[in-house]
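K.L.:
Predicted coordinates and the sequence they were generated for:
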There are 4 protein chains.
Amino acid sequence: MAGNSFGQLFRITTFGESHGEAIGVIIDGCPSQLTVDLDYIQSELDKRRPGQSKITTQRKESDTVKILSGVFEGKTTGTPIAMLIPNEDQRSKDYTHNVDVFRPSHADYTYQTKYGIRDHRGGGRSSARETAARVAAGALAKLLLKSQGIEIVAHVSSVGKINAPNVDISDVQEFINQREENIVRCADPATAEEMIEFIDGVRKAGDTVGGKISCYVKNCPVGLGEPVFDKLHAELGKAMLSINAVHGFEFGSGFAGSEMLGSEHNDIFVKNHTGDISTITNYSGGIQGGISNGMPIEFKVAFKPVATIMKAQATIDSEGNAAEISGKGRHDPCVVPRAVVIVEAMAALVLADHWLRNKNSILG
Amino acid sequence: MAGNSFGQLFRITTFGESHGEAIGVIIDGCPSQLTVDLDYIQSELDKRRPGQSKITTQRKESDTVKILSGVFEGKTTGTPIAMLIPNEDQRSKDYTHNVDVFRPSHADYTYQTKYGIRDHRGGGRSSARETAARVAAGALAKLLLKSQGIEIVAHVSSVGKINAPNVDISDVQEFINQREENIVRCADPATAEEMIEFIDGVRKAGDTVGGKISCYVKNCPVGLGEPVFDKLHAELGKAMLSINAVHGFEFGSGFAGSEMLGSEHNDIFVKNHTGDISTITNYSGGIQGGISNGMPIEFKVAFKPVATIMKAQATIDSEGNAAEISGKGRHDPCVVPRAVVIVEAMAALVLADHWLRNKNSILG
Amino acid sequence: MAGNSFGQLFRITTFGESHGEAIGVIIDGCPSQLTVDLDYIQSELDKRRPGQSKITTQRKESDTVKILSGVFEGKTTGTPIAMLIPNEDQRSKDYTHNVDVFRPSHADYTYQTKYGIRDHRGGGRSSARETAARVAAGALAKLLLKSQGIEIVAHVSSVGKINAPNVDISDVQEFINQREENIVRCADPATAEEMIEFIDGVRKAGDTVGGKISCYVKNCPVGLGEPVFDKLHAELGKAMLSINAVHGFEFGSGFAGSEMLGSEHNDIFVKNHTGDISTITNYSGGIQGGISNGMPIEFKVAFKPVATIMKAQATIDSEGNAAEISGKGRHDPCVVPRAVVIVEAMAALVLADHWLRNKNSILG
Amino acid sequence: MAGNSFGQLFRITTFGESHGEAIGVIIDGCPSQLTVDLDYIQSELDKRRPGQSKITTQRKESDTVKILSGVFEGKTTGTPIAMLIPNEDQRSKDYTHNVDVFRPSHADYTYQTKYGIRDHRGGGRSSARETAARVAAGALAKLLLKSQGIEIVAHVSSVGKINAPNVDISDVQEFINQREENIVRCADPATAEEMIEFIDGVRKAGDTVGGKISCYVKNCPVGLGEPVFDKLHAELGKAMLSINAVHGFEFGSGFAGSEMLGSEHNDIFVKNHTGDISTITNYSGGIQGGISNGMPIEFKVAFKPVATIMKAQATIDSEGNAAEISGKGRHDPCVVPRAVVIVEAMAALVLADHWLRNKNSILG
């Protein structure tokens, strides 16, 4: 109820503050007999980890995950899986500046007012550090989905006003390889270069910038998603909007679709020679009536610029007096390169949950 | 679990098919002693009801709501409130055409595949008729919020490529009056006229068009929203995306915010002479760290064009054979005028739920 | 959250007051393609209905159930199933006596204090009339379970200090036939006669008496129940204790088991010539570690005497002044004969829910 | 959904196996600003800890709890509280005997069948070791309740056929002192001695015995409990039945109440000179209509004898072949002395949850 759990059947609960002892997650509801590839889970965390390149924060965290329960002889047992990620490089003294001052566009003021107390160090629970726990759990969800042939991939499609062209996702591994060849995680090499240069300039100016991530789900079976409130795209939307700094979500035709005519927008069904049903266009983004239709699921997530900038800003202190603050700590000039794997993780959690939920749609 | 409930503490469960006996809703968790203004609830339903004007469907439904339980001598008693809306004008024969044929961009195919059976009449459960139950429940949520001074208003801000300018929401009643003076429910009279003319042309061409609705929450106290997964905007996003035909959601700076720099985007805190804390700009859309900050909450919802058009379209039948279909039944050329009150209702359900949830943030 | 829903995957939400317009239930999560035998559902309600015999209340209610949604051409469609039971014989004037006076051992005082308002007529929401909605939903759950070969039967095993001997449940239909041959619903004819005579005497004295119901689940597959909090017997216990007037629950060896030695109590596993695994004794009551083990599930439910008696009793009014009250309205001298089908219904709801939940125990 | 969470607003999720790395719990929903007395939490764990006396298991675990998150400068912050208890004395080799053999009246067979895999060491997840996590969380719940004046106490009221007389609970601290003076945790010294002697004899015989625990909640405000399914006693019942080895639950008059007449059983309301409303008798056990009525809440819990005995028993192996097994590992001859604090912890979790849930019963 207090909002730290996500999912119904594949259900995670995360805990931990940025500068506390550890962060972690419990996964309850993962079926037994899934092979747990710990190296894969760690490799996913490595993609989110700070200190990867010049365009990410220099905080040093190995983000080494440890499984405490629920796995026996390399397989899930059906019992809750607890994963722990100790905090290592907590320079809490970087955060004395916000003990009594509210950082603009951060959660200092709202947490303080809601709870009357807050762990100010590094933003405490409101820190994006919490998403490491999601990535760990999401990696397990991906393993479950992979065992069913379902693949999820994302990349940075925009930074500021720089937009990547549409990218081919027919070969998922190729797509990922392309993306991982550059530090901004855009699968289009030319755009990637432009983005990196732009972010680097922003960083040098002590500023930050927003961006967008496009995500795709391939080989999703028909039938996932529960009408009427738990439509698949509604759940994906909530999942994405729950990620720090996300301000927008659209799937399929999205906002542009609201400008179209029905005669342009309708996706015409066809059956190919192998008997597969598909649609000629995919303005529905792979979801109709809230239920997956077998086409690739496609959605886009908009991230605002990181609130911590290295420039002086006016604000107020906890008494309401005028004050000035400038960013301390070690921060990202642009959050999207590290957020790619978070988007994928949250998508995987939604899909794994709905894959389990769909098992009972028909009596049998 | 099966997705027909929404909310945690102020929790609704809806039921009913487009051409069944009745649709309805149970509200569980409404506190006792709320005065129930049945006329107000009915007036909200009247705004969603079909047959209001030339630009809405001609199906005739009075949508008369009846309260079966939970209200005693005009007040809520703390027990579940059941509301029933009988279906009246069910021309089911209008729907023989989709028994064995899948309408493009409808839910016929996905429901049939997911469940192996479907009530095809009028789209059955996938029909937007279900939203009448949400409007009834949302009207009760609005009454609860009003008793706390919280107001929710929305209007049509775009139809196709026609966009309304920003509208003043300082006087909520005035805003509503303006909006209700025209059949498209845009609070800017000049734009409204343009929109109506455009929709009428689309209708005559047997086509449909999408649009956008902007929604505002005023006088929301600081502190609503639960980190980390149930952020207030994540819950609003899910609520909106669960409405039929919605393809996008953004709050505050939204998608445009992803193109901005942090130095432009940060909302600077100030304290005015009466001691109120506010921010100079509101790119955060009234929500920081997932928690309301006391500024107006602002978000936008994108609707795709209605899938049913009066033109012949190619499709397939249940055997996968090529077929042709053209719209029958009585449909809206543009869904947004009737959806304004649905957007408000879903926002009210989220806010009422989080207002209750926030009662336990601090021990006391 | 407000407590009017039960179950996770096979989830019901009930509504309605004793003397309101109607009571009813929504079932969300029933898989599609279950054949709905409405006559069977009605026949179950008939077993709970008032006015059946001289030892039950004389209130006349036909308790006719109507299905409003979720069933198409005789089968479930996977969408929510709403069932409505109108109230007919509401002699609300029988209940003017408890407007300002708290009936002893009723819920008048606690409801009034909790909510500050209550529908006093017939006890409002606290009336056992609410259980009719459970019986309707439970009948559907029984149909689902029957389709899997799982059977649930109960009977009155005690009235006051009169206890029935152990009864053979090997032939379920025979057991039910025996039970339905007498108005007290005890499957042992000799004990039944004794019980009826005793209850009739109690009734004539204006008094009431308690009793016990024994319930059995046959052909339950191994594996139902979720460790650690949702153990099958914990869920059954909650289900039973939620029935009006229930004061105790035990399964398997129950309270007597706490007096035994481990060496007496352990159920020894054996495998028979057909390869079936069973235990020689069944002190575990068919459940080990919270999970069904394939043996018959056996539990017992204790009901206190009905609080409404036809004798004058001291009490206080809403101001706290001393007052006197004597039972009005039409009441049961002993609740257990009508409660047999309620116990079965609640057991069926638990089993159906766990049957669905168990579908995801193993990846596949 | 998978059953490892308990509570709605004060919600815990436990994890961990008997012989894994650690067990633990996340508490989500504890309000902020509760002072966390870690010594108190540890002292509660010490009461459950193995190796306390000659009548408990000789396994050595310090059961030292560590708080990883959610507490800042000694107070709760409203964010999830993670508590970790490392496993120390895991003699897993004690458990090679049950790799392929199903111990009678244990969960080996049901886990193996449900999941197709199990961590056999020490019973894995089915071990009562899991309850240490409940005790840690329950201690926090007790601190919350204490801050409101609500007290929970339990003691061993029966061992085998030895029953303690009713004990005075008017002075809670005195009651606890009495109880803690003997190793069986019975607040009646004479009975305690008898019980200890009996258990010691059972232990020497390599056998085990069951018992009962009586629990009392004092100063519970009127109004806790949610009709109709989440009645306070139904939730307490589920909580107790979820504890390992529990086979029965009764509250107030319990099973004996089913033998009484209504005229004997009704609790007559009176108002004393200070204006407090109470009842002369308390057959209702402090709960009417599922809602606390301000009288002491009283219930009793029956535990079966521990299944592991030191005598040889017949059983079957995983192939279904006849086998023999005799207890290894270190086990309790009678579980109730260590279970007293578990019963209290589960009661505290239910009460804390319902205390929070009741905050929204009346609009205001």
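P.N.:
Received it, and whenever you're ready, just let me know what you need.

K.L.:
Surely A:Lys54 and A:Asp200 touch.
P.N.:
Yes - between A:Lys54 and A:Asp200 there is a contact at 6.7 Å, judged by Cβ atoms under 8 Å. The C-beta positions use only the backbone N, C-alpha and C, and glycine is treated the same way.

K.L.:
ok, the two, which is more surrounded?
P.N.:
Neighbour count, other Cβ atoms under 10 Å in any protein chain shown: between A:Lys54 and A:Asp200, A:Asp200 has more, with 16 against 11.

K.L.:
who does the helix or strand hosting A:Ala302 touch, helix- and strand-wise?
P.N.:
In the assignment (DSSP states H and E), A:Ala302 maps to strand A:297-303. Under the contact criterion of 3 or more Cβ pairs under 8 Å, 6 or more residues apart in numbering or on different chains; DSSP states H and E, strand A:297-303 touches strand A:211-218, helix A:232-241, strand A:246-251, helix A:336-357, helix B:254-257.

K.L.:
now those as JSON lines including mean neighbour count, mean pLDDT and distance to chain D?
P.N.:
Below are these laid out as JSON lines (neighbours: other Cβ atoms under 10 Å in any protein chain shown; pLDDT from 0 to 100; distance: least, Cβ to the nearest Cβ, whole Å):
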{"stretch": "strand A:211-218", "mean neighbour count": "24", "mean pLDDT": "98", "distance to chain D": "23"}
{"stretch": "helix A:232-241", "mean neighbour count": "30", "mean pLDDT": "98", "distance to chain D": "15"}
{"stretch": "strand A:246-251", "mean neighbour count": "30", "mean pLDDT": "98", "distance to chain D": "20"}
{"stretch": "helix A:336-357", "mean neighbour count": "27", "mean pLDDT": "98", "distance to chain D": "9"}
{"stretch": "helix B:254-257", "mean neighbour count": "20", "mean pLDDT": "98", "distance to chain D": "27"}
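
K.L.:
Among the ones you listed, which comes closest to D:Glu180?
P.N.:
Closest approach to D:Glu180 among the helices and strands packed on strand A:297-303 is made by helix A:336-357 (46.1 Å; Cβ to Cβ).

K.L.:
May I see the helices and strands packed on strand A:297-303 organised as a markdown table, with distance to C:Ile23 added?
P.N.:
Shown next, in a markdown table, are the helices and strands packed on strand A:297-303 (distance: least, Cβ to Cβ, whole Å):
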| stretch | distance to C:Ile23 |
| --- | --- |
| strand A:211-218 | 43 |
| helix A:232-241 | 31 |
| strand A:246-251 | 41 |
| helix A:336-357 | 29 |
| helix B:254-257 | 46 |
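
K.L.:
so the helix or strand hosting A:Gln42 versus helix A:336-357, what angle?
P.N.:
Secondary structure assignment for A:Gln42, by DSSP H and E: helix A:38-48. Here helix A:38-48 points in a direction 140 degrees away from that of helix A:336-357 (axes from the mean of the first three to the mean of the last three Cα atoms, to 10 degrees).

K.L.:
which strands and helices sit next to helix A:38-48?
P.N.:
By 3+ Cβ pairs under 8 Å, 6+ apart, helix A:38-48 packs against helix A:131-146, helix A:336-357.

K.L.:
Kindly reformat those as TSV containing distance to B:Gly70.
P.N.:
Shown next, in TSV, are those (distance: least, Cβ to Cβ, whole Å):
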stretch	distance to B:Gly70
helix A:131-146	39
helix A:336-357	29
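
K.L.:
To B:Ala347, which of the ones you listed lies closest?
P.N.:
helix A:336-357 (22.5 Å).

K.L.:
Now do the closest one: which elements does it pack against?
P.N.:
helix A:38-48, helix A:131-146, strand A:151-159, strand A:211-218, helix A:232-241, strand A:297-303.

K.L.:
now with 6 Å?
P.N.:
helix A:38-48, helix A:131-146, strand A:151-159, strand A:211-218, helix A:232-241 (3 or more Cβ pairs under 6 Å, 6 or more residues apart in numbering or on different chains; DSSP states H and E).

K.L.:
would you turn these into a markdown table with distance to D:Met310?
P.N.:
Formatted as a markdown table, those follow (distance: least, Cβ to Cβ, whole Å):
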| stretch | distance to D:Met310 |
| --- | --- |
| helix A:38-48 | 39 |
| helix A:131-146 | 41 |
| strand A:151-159 | 53 |
| strand A:211-218 | 56 |
| helix A:232-241 | 53 |
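
K.L.:
Please list all residues in contact with the nearest residue to A:Glu235 once chain neighbours are set aside.
P.N.:
Excluding its sequence neighbours, the residue lying closest to A:Glu235 (Cβ to Cβ, 6 or more residues apart in numbering or on different chains) is A:Val350, at 4.9 Å. Contacts of A:Val350 were listed using Cβ atoms under 6 Å, 6 or more residues apart in numbering or on different chains, and they are A:235-236, A:239.

K.L.:
distance of A:Gly124 from A:Arg103?
P.N.:
Distance, A:Gly124 to A:Arg103, by Cβ to Cβ, to the nearest Å: 12 Å.

K.L.:
swap in A:Leu236?
P.N.:
The gap separating A:Leu236 from A:Arg103 is 30 Å, by Cβ to Cβ.
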